[in-house]
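1. Predicted model follows, preceded by the sequence.
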Amino acid sequence: MAKLAKRVAKSREGVDREKLYAIDEAIKLVKERATAKFDETIEVSINLGVDPRHADQMVRGVCQLPNGSGRTVRVGVFARGPKAEEAKAAGADIVGAEDLLEIVQGGTIEFDRCIATPDMMPLVGRLGKVLGPRGLMPNPKVGTVTMDVAGAVKAAKGGAVEFRVEKAGIIHGGVGKASFDETKLVENIKAFTDAVVKAKPTGAKGQYVQKIAVSSTMGPGVHVEPGSVLGA
């Protein structure tokens with residue numbers, strides 16, 4: 001524990017907790033402090049001026065990161081017949097209908113993204129209590145309930161990141177890895193933030209984007225000047 005505390009303290013050196021950094025400088029600081037023995041995920045956190053308890057202030061959507069997420073995403077697809085074959089051809093990791101339902105009900109979930117054709121939703125709906133808490137329930141708003149299963153599978157594999165505002169009005173998203181160069185990370189963060197801005201709900205009043213911060217898995221948060229991201 002002492003060793004970890006020492007490393008955390010060292011990682012915070014040189015980061016002014018009160019300062020708002022331009023996005024380029026913020027990413028440089030985060031990358032320099034991503035010193036774990038694994039390729040840390042770079043995450044962006046956005047504080048929004050919304051209260052998600054109100055339906056007209058809920059924020060959710062999907063962003064296709066221009067440089068991918070760096071993650072290996074396992075994709076599960078609920079489909080039958082030709083659509084099931086399309087999903088397999090597009091690279092889905094597991095495809096099925098009632099058979100996949102039984103696997104998931106049995107407690108085995110071997111996918112990070114779940115896609116379904118519209119006709120499968122009555123079946124998938126029975127898994128709401130299992131998939132819902134894990135954020136895996138297919139939803140047409142983020143393109144995971146669709147007839148274009150091949151396109152959805154390729155998008156998920158290629159760096160599509162779903163986002164959903166939490167109770168406190170904060171959105172988190174993994175936007176790459178510490179091994180990415182700074183330019184690619186900045187491009188991904190700007191794309192992610194732009195997607196969140198475009199998903200602004202009708203009930204949002206006042207300043208929508210209030211704070212932005214970036215961090216690595218094990219590193220400190222660095223506050224970002226919103227204009228350096230939004231003004232792009």
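-> Here it is on my side, so go on. What you see is a predicted model; the values in this text were computed from it and never measured. Numbering: from 1, shown residues only.
2. Show me where the chain has its strands.
-> Secondary structure of the chain (DSSP state E): strands at 41-48, 60-64, 75-78, 94-96, 113-116, 160-164, 170-177, 209-216, 222-224.
3. want to throw these into JSON lines with mean neighbour count, distance to Ile23 and mean pLDDT?
-> The C-beta positions use only the backbone N, C-alpha and C, and glycine is treated the same way. Formatted as JSON lines, the strands of the chain follow (neighbours: other Cβ atoms under 10 Å; distance: least, Cβ to Cβ, whole Å; pLDDT from 0 to 100):
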{"stretch": "strand 41-48", "mean neighbour count": "22", "distance to Ile23": "10", "mean pLDDT": "96"}
{"stretch": "strand 60-64", "mean neighbour count": "18", "distance to Ile23": "16", "mean pLDDT": "90"}
{"stretch": "strand 75-78", "mean neighbour count": "27", "distance to Ile23": "30", "mean pLDDT": "97"}
{"stretch": "strand 94-96", "mean neighbour count": "21", "distance to Ile23": "38", "mean pLDDT": "97"}
{"stretch": "strand 113-116", "mean neighbour count": "26", "distance to Ile23": "27", "mean pLDDT": "96"}
{"stretch": "strand 160-164", "mean neighbour count": "20", "distance to Ile23": "18", "mean pLDDT": "89"}
{"stretch": "strand 170-177", "mean neighbour count": "22", "distance to Ile23": "11", "mean pLDDT": "95"}
{"stretch": "strand 209-216", "mean neighbour count": "20", "distance to Ile23": "8", "mean pLDDT": "96"}
{"stretch": "strand 222-224", "mean neighbour count": "23", "distance to Ile23": "5", "mean pLDDT": "96"}
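4. do you know how far Asp93 is from Gly203?
-> Using Cβ to Cβ, to the nearest Å, one obtains 37 Å as the distance from Asp93 to Gly203.
5. Using CSV, write down the CA coordinates of stretch 84-94.
-> Listed next in CSV are the C-alpha coordinates belonging to stretch 84-94 (Å, rounded to 0.1, in the frame of the first residue of the first chain):
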residue,chain,number,x,y,z
ALA,A,84,-27.2,-14.2,-37.9
GLU,A,85,-25.0,-15.2,-40.8
GLU,A,86,-24.3,-11.5,-41.6
ALA,A,87,-23.3,-10.9,-37.9
LYS,A,88,-20.9,-13.8,-38.0
ALA,A,89,-19.3,-12.7,-41.3
ALA,A,90,-18.8,-9.2,-39.8
GLY,A,91,-16.8,-10.6,-36.9
ALA,A,92,-19.3,-11.0,-34.1
ASP,A,93,-17.9,-13.2,-31.3
ILE,A,94,-21.2,-14.9,-30.3
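6. Can you list the low-confidence ranges for the chain?
-> Scanning the chain with the threshold set as pLDDT under 70 gives 1-14, 231-232.
7. Tell me which of the strands of the chain lies nearest to Thr146.
-> strand 113-116 (7.1 Å; Cβ to Cβ).
8. Show me what the closest one packs onto, helices and strands only.
-> Packing partners of strand 113-116 (3 or more Cβ pairs under 8 Å, 6 or more residues apart in numbering; DSSP states H and E): strand 75-78, helix 149-158.
9. Kindly recompute the last result at 10 Å.
-> The elements that strand 113-116 packs onto, with contact taken as 3 or more Cβ pairs under 10 Å, 6 or more residues apart in numbering; DSSP states H and E, are strand 75-78, helix 81-90, helix 98-105, helix 121-124, helix 149-158, strand 160-164.
10. Appreciated, that's everything.
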